[in-house]
Structures are given as C-alpha cells and as structure tokens.
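Chemist: Make a model of this:
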Amino acid sequence: MTSLLLAMAAMQVPALAEVVGQRSAVLPVAGRVENTDRLLGHDGFVGIKTGSMRAAGGCFMFQAVRRVDGHRTVITGVVMGQPGRDLVDAGQDAAARLVDGVEARLRTGGTSAVR
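Modeler: This is a model prediction of the structure:
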C-alpha cells in the first residue's frame, strides 16, 4: 500500500509527472535517461516507473487515464514480483491487465477501489 500512496503522491508533483511521461529526459547528474515503459503513450498510460531484478521480479508503478462512461478516470497502481523471462515486460503486462480489469469493473458498476 505504501508504494501505491507514493505513486499517487508523485503524480501530484507537476515536474515529476512531466518527466515520467517522457520517452527520455535529461536529468541533473544522471544526464540523458531513457524510459523503458513501453506502455507510455498507449492505452492511456502516462508513466511512472518500471523496475526489475531477479529477487524482486518485475515491478511497475503506473498511472493510466481512461474515459469510462464519459468520465475521465485516473487509474494508479503498482505491481510487484511478476515472474517471467523478461521481468520488465512481465510487470508491464500485469499492469495492462490490471488497468483493463479496473476499467471493465467500473463499466459494470463496480466501485473505484479495486484490490
């Protein structure tokens, strides 16, 4: 839950939301960094952060904006520990399924809190 709260808070910072929504950015000290989020700009995904390592599995902190029943709906989430040969893809695949599931649930009258 802490990671989800962090994601929600991070996207409230305009400068951070702008940086994580770019394919690449020039950052102080680090220089140019490339965004490995292949979902960025597709199906409403607007960013946040991919990450992976064998011990942690595929992890992805994300936000997507979809139109549900005519309303702008912001879906923020975190997936962790996703298994797979390509852990970055595993995390992003899980996030895409989760966002699609939340959208489907909202369209059928579900609540906005989906766990």
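Chemist: C-alpha from now on. contacts and neighbour counts both.
Modeler: Will do.
Chemist: At which residues are the helices of this protein located?
Modeler: 2-10, 14-20, 87-107 (DSSP state H).
Chemist: now, of these, which is deepest in the fold?
Modeler: helix 87-107 (a mean of 19; mean count of other Cα atoms under 10 Å).
Chemist: Who are the packing partners of that helix?
Modeler: strand 45-53, strand 57-68, strand 71-82 (3 or more Cα pairs under 8 Å, 6 or more residues apart in numbering; DSSP states H and E).
Chemist: one step back: next, format the helices of the chain as JSON lines and append mean pLDDT and distance to H42.
Modeler: Formatted as JSON lines, the helices of the chain follow (pLDDT from 0 to 100; distance: least, Cα to Cα, whole Å):
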{"stretch": "helix 2-10", "mean pLDDT": "94", "distance to H42": "19"}
{"stretch": "helix 14-20", "mean pLDDT": "93", "distance to H42": "14"}
{"stretch": "helix 87-107", "mean pLDDT": "95", "distance to H42": "10"}
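Chemist: about what we covered before: just flag whichever of the helices and strands packed on helix 87-107 has the lowest average confidence.
Modeler: Here the helices and strands packed on helix 87-107 differ in mean pLDDT, and the lowest is strand 45-53 at a mean of 89.
Chemist: and it, what other elements does it pack with?
Modeler: Going by 3+ Cα pairs under 8 Å, 6+ apart, strand 45-53 lies up against helix 14-20, strand 57-68, helix 87-107.
Chemist: Dump the second one to PDB, restricted to CA.
Modeler: If I follow you right, that is strand 57-68. C-alpha atoms of strand 57-68 as PDB (Å, rounded to 0.1, in the frame of the first residue of the first chain):
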ATOM      1  CA  GLY A  57      10.600  -9.900 -10.000                       C
ATOM      2  CA  GLY A  58       9.000  -7.500 -12.500                       C
ATOM      3  CA  CYS A  59       7.800  -4.300 -10.800                       C
ATOM      4  CA  PHE A  60       5.900  -1.400 -12.300                       C
ATOM      5  CA  MET A  61       4.400   1.700 -10.700                       C
ATOM      6  CA  PHE A  62       2.000   3.300 -13.200                       C
ATOM      7  CA  GLN A  63      -0.800   5.700 -13.900                       C
ATOM      8  CA  ALA A  64      -3.300   5.500 -16.800                       C
ATOM      9  CA  VAL A  65      -6.100   7.800 -17.800                       C
ATOM     10  CA  ARG A  66      -9.100   6.300 -19.500                       C
ATOM     11  CA  ARG A  67     -12.600   7.500 -20.400                       C
ATOM     12  CA  VAL A  68     -15.200   5.400 -18.600                       C
END
